[in-house]
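Trainee: give me a model of this one.
(6 chains)
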4 protein chains.
Amino acid sequence: MAEGGFTPRLPGNVRKRQIVQRTLALIAEEGIQGATMARIAEAVGISEPSLYSHFASRQEILVSALDLVYERVKDITRAATDPDALERLRQMGRYHSMLVAKEDPQYLFPLFEFVAAPPSTGLREALGTRQMMPLEHVAATVDLAKQQGTISEDVDSMELAGMIIGCSWAEGVAHLMGIAGKWDADVWARMLDLLLASVSTGNKAIHCE
Amino acid sequence: MAEGGFTPRLPGNVRKRQIVQRTLALIAEEGIQGATMARIAEAVGISEPSLYSHFASRQEILVSALDLVYERVKDITRAATDPDALERLRQMGRYHSMLVAKEDPQYLFPLFEFVAAPPSTGLREALGTRQMMPLEHVAATVDLAKQQGTISEDVDSMELAGMIIGCSWAEGVAHLMGIAGKWDADVWARMLDLLLASVSTGNKAIHCE
Amino acid sequence: MAEGGFTPRLPGNVRKRQIVQRTLALIAEEGIQGATMARIAEAVGISEPSLYSHFASRQEILVSALDLVYERVKDITRAATDPDALERLRQMGRYHSMLVAKEDPQYLFPLFEFVAAPPSTGLREALGTRQMMPLEHVAATVDLAKQQGTISEDVDSMELAGMIIGCSWAEGVAHLMGIAGKWDADVWARMLDLLLASVSTGNKAIHCE
Amino acid sequence: MAEGGFTPRLPGNVRKRQIVQRTLALIAEEGIQGATMARIAEAVGISEPSLYSHFASRQEILVSALDLVYERVKDITRAATDPDALERLRQMGRYHSMLVAKEDPQYLFPLFEFVAAPPSTGLREALGTRQMMPLEHVAATVDLAKQQGTISEDVDSMELAGMIIGCSWAEGVAHLMGIAGKWDADVWARMLDLLLASVSTGNKAIHCE
DNA sequence: CATGAATGAGGGTTCATTCAT
DNA sequence: CATGAATGAACCCTCATTCAT
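Mentor: Just a heads-up that it's a prediction; the model follows:
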């Protein structure tokens, strides 16, 4: 019956990537619930059922989109290359501010869409799993800073890692709430600086006689 | 679904509050998109069209639910009564931790549902507006602390207020991601303490020596 | 948005009956799988979603249709009124033949659609439940015939009832297979007669000297 | 779903038989409508379009499945080998009971799936055609019994054949309705016995006295 | 204030089938 | 002989909303 669509047949991997990317864009624009199969199909330029040639379900597409978000997160850690681990932590903060500021549609808004996904969707669990990786990366960097003697040995690495990433989350929430304009763009970098200063060995805050 | 014909006619205000409360509960369980008119009506025990006797649209109910969330936020500021403004800021942090820890279904999850609501719904704008109030309250408290001499005059009040509230946001995100278990419950209070210590006049961190 | 359809608003009960009847007709024509919500709605002259104002699901409509089939079955027992119970059994057989012969679209084909419904639909269970009633009615009539002395006391009433109804089933299958034309219409009545003759006290077959 | 690239190329006939068998199994489990091309392909372990290398359409596969059902029916006649034709008829009945009792997934449920197939599918016609063969076989056996003098010459052979097979159909319907448990398994054999007794020359029922 | 009946739009998913490879 | 990519049509069902009562 079908007279053989004229849509160019793309190799599976290419199409798959295409689908995930457009989905992420849709999530950024209209939220997860706005990323409907119909809209995804239209954005990609294929028919709705064709999506099922590449993914078993909408859920699977969404999880793949989440993976793509964490590609951006990985960029953060990849971009911080300073040999000094403490400085590296500051670099991550600044890179994150940049990511948020340029409103990359593949990062901030999609990420929080997953944060707020109803538990029944299973997406939040998927998110928690993925977040562990950057968290542990930051904790490892803190460890390194301790070895390098720039961060006090007393500090719990995982705890500090949480606080560091927490600054980024705070930044994200402020942007999403549309009140980021209340401060200049560096405020979250300064928040991170304050935090790091509190735990760096250079800081006399606590031991300041 | 309603349990039959004789739903007692409740005075308008009571019904309205009932509707908003059940809606908020639904948002907590299933997200904003899960708070459908059908489910709200069923939860309240009236028919679907009856909801329109009390609210002009679903949107209006949702915004009212958001107001209810900010009632909880107001509780935070109300609960912090210490005469020492700096201590009051710490109280707010601890009260917030408590609110998050007890998983009050009328606070954390609904709040972030609104954070992540697609722009087209207008809910995020509504959220931004409401968030200004607690933000300014915290800034005012910082100002007071400066007058009381416990926080350094150099500090920008609004900026510090953002950081303080940012700690709460970070706490919320950690919980929603399901990774809060990585730390003990006090970590976010300690983050706030570090921050406040950095700016308190007792701190020699910056001016040390 | 909806500008208030022009379909006349019918009282609930009337619509419900209408829906079930048209559904049964569709089942007769195209099988259970042919009774789609779209076709039912079209046959009734209302929109598809409106069906859900009257029934919670398609399954519920189908079960109601099954009930309607068994209204026809009840007609069989109602139509047999001869004071002589043995004769009454013969009347039932003849009435059934008539029902089958006139190809009442509310009886034979729909009935067997339910017989052949896949187990996963739950419809066959519903069928078994409903079939018990006529079965027990026939068994009771056999009992009565035994009291009246026309059927031998040795016979197990339920067993004979099964055989009697079995003749009707055989008749039904023959029709559905499209090979009923191989015999004249009375063949199944004669089958029933042979059976009843075998167990009637007038029969010397077993006790014959 | 298939477990990967290297499905061994099977000779055409083998594959064909395989396809038909799995299809029949699917019909038994989920009905004709449950035997979708996707499920058949998965069950066989080849891709969906590959099915079209062996059969022109789904319809063709289904008809082949029907043929396979009638292989089982042929088994019935093949299994009845007693030289006495009357006894042979009884053997067929008992063999059929066995077939039904062991719930052979290639017989009863599939058969009735075809009985109840909507007319528009053409499957019921195909069924009628095939049913003629066993019917005529039974009629021929009745004829033989008449020659052997065990069944009365007065009896119409085709009519009696219908009744005999009718007992089997009744048995099948009882099973499908899930009410077979109401009787012991021999009831249908006894029904057949009663019937045959009525027409056998040994029977004094009619000529009694 | 409350409801039963109704709806257009759209939700994700499955269907048998086709075609280029 | 076999497949991956693709599709139009259809599936059951839910959505927020309206209107007469």
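
Trainee: and the longest helix along chain A with chain B, contact?
Mentor: Determined from DSSP state H, the single longest helix within chain A is helix A:123-148. Yes - looking at helix A:123-148 against chain B by C-beta under 8 Å from any C-beta of the partner chain, the contacts come from A:124-125, A:127-128, A:131-132, A:135. For the C-beta atoms, the positions are set from N, CA and C on the backbone; glycine is no exception.

Trainee: contacting residues for the residue nearest the centre of chain A?
Mentor: In chain A, the residue lying closest to the centroid (C-alpha atoms, centre = their mean) is A:V73, at 4.3 Å. Applying C-beta atoms under 8 Å, 6 or more residues apart in numbering or on different chains, we find A:V73 in contact with A:107, A:134.

Trainee: sticking with it, tell me its helix or strand.
Mentor: helix A:58-79 (DSSP states H and E).

Trainee: buried sites along that helix?
Mentor: Going by neighbour count (16 or more other C-beta atoms under 10 Å in any protein chain shown), the buried part of helix A:58-79 is A:58, A:61-66, A:68-70, A:72-73, A:76-77.

Trainee: any idea which of these is closest to D:A140?
Mentor: The closest of these to D:A140 turns out to be A:R58 (C-beta to C-beta; 60.4 Å).

Trainee: next one: the closest one from A:I19, what distance?
Mentor: The gap separating A:R58 from A:I19 is 11 Å, by C-beta to C-beta, to the nearest Å.

Trainee: equivalent analysis for A:A65, please.
Mentor: According to C-beta to C-beta, A:A65 stands 9 Å off from A:I19.

Trainee: and A:M163, by the same measure?
Mentor: Distance of A:M163 to A:I19, computed by C-beta to C-beta: 37 Å.

Trainee: more neighbours, those two?
Mentor: A:M163 (28 against 22; other C-beta atoms under 10 Å in any protein chain shown).

Trainee: pretty sure the more buried one contacts A:L195?
Mentor: Yes - A:M163 lies in contact with A:L195 (C-beta atoms under 8 Å); the separation is 5.7 Å.

Trainee: quickly list what's touching both of the two.
Mentor: B:191, B:194.

Trainee: which single residue of chain A ends up nearest chain D?
Mentor: Closest approach between chain A and chain D, counting by C-beta to the nearest C-beta: A:A56, at 10.1 Å.

Trainee: that's a strand at that residue, yeah?
Mentor: No - applying DSSP: H, G, I helix; E, B strand; the rest coil, one finds A:A56 to be coil, outside a strand.

Trainee: if I look at the closest residue to A:T121 other than its chain neighbours, how far off is chain B?
Mentor: Nearest in space to A:T121, with sequence neighbours left out and distances taken as C-beta to C-beta, 6 or more residues apart in numbering or on different chains, is A:Q59 at 7.4 Å. A:Q59 sits 15 Å away from chain B, going by C-beta to the nearest C-beta, to the nearest Å.

Trainee: what do you get for A:D186?
Mentor: Applying C-beta to the nearest C-beta to A:D186 and chain B gives a distance of 10 Å.

Trainee: ramachandran angles for A:I151?
Mentor: Note on A:I151: backbone dihedrals following degrees, to the nearest 10 are phi -120, psi 140.

Trainee: how far away is the closest residue to it other than its chain neighbours from A:M163?
Mentor: Take A:I151 and drop its neighbours on the chain: the residue closest to it by C-beta to C-beta, 6+ apart is A:A145, 4.0 Å away. Distance, A:A145 to A:M163, using C-beta to C-beta: 14 Å.

Trainee: again with A:A185
Mentor: To A:M163, A:A185 is 20 Å away according to C-beta to C-beta.

Trainee: and the helix holding A:V73, anywhere near DNA strand E?
Mentor: Yes - Helix A:58-79 reaches DNA strand E (C-beta under 7 Å from any atom of the strand) through A:58-59.

Trainee: again, but for stretch A:44-56
Mentor: Yes - under the criterion of C-beta under 7 Å from any atom of the strand, stretch A:44-56 makes contact with DNA strand E via A:48-49, A:52.

Trainee: could these be laid out in CSV, adding neighbour count and pLDDT?
Mentor: Conversion of these to CSV gives the following (neighbours: other C-beta atoms under 10 Å in any protein chain shown; pLDDT from 0 to 100):
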residue, neighbour count, pLDDT
A:E48, 13, 95
A:P49, 9, 95
A:Y52, 14, 95
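
Trainee: ok, those residues vs C:E29, which is closest?
Mentor: For these, the nearest to C:E29 is A:P49 (28.3 Å; C-beta to C-beta).

Trainee: hang on, A:E153 in a helix?
Mentor: No - in this structure, A:E153 is coil, not part of a helix, as judged by three-state DSSP.

Trainee: alright, that wraps it up for me.
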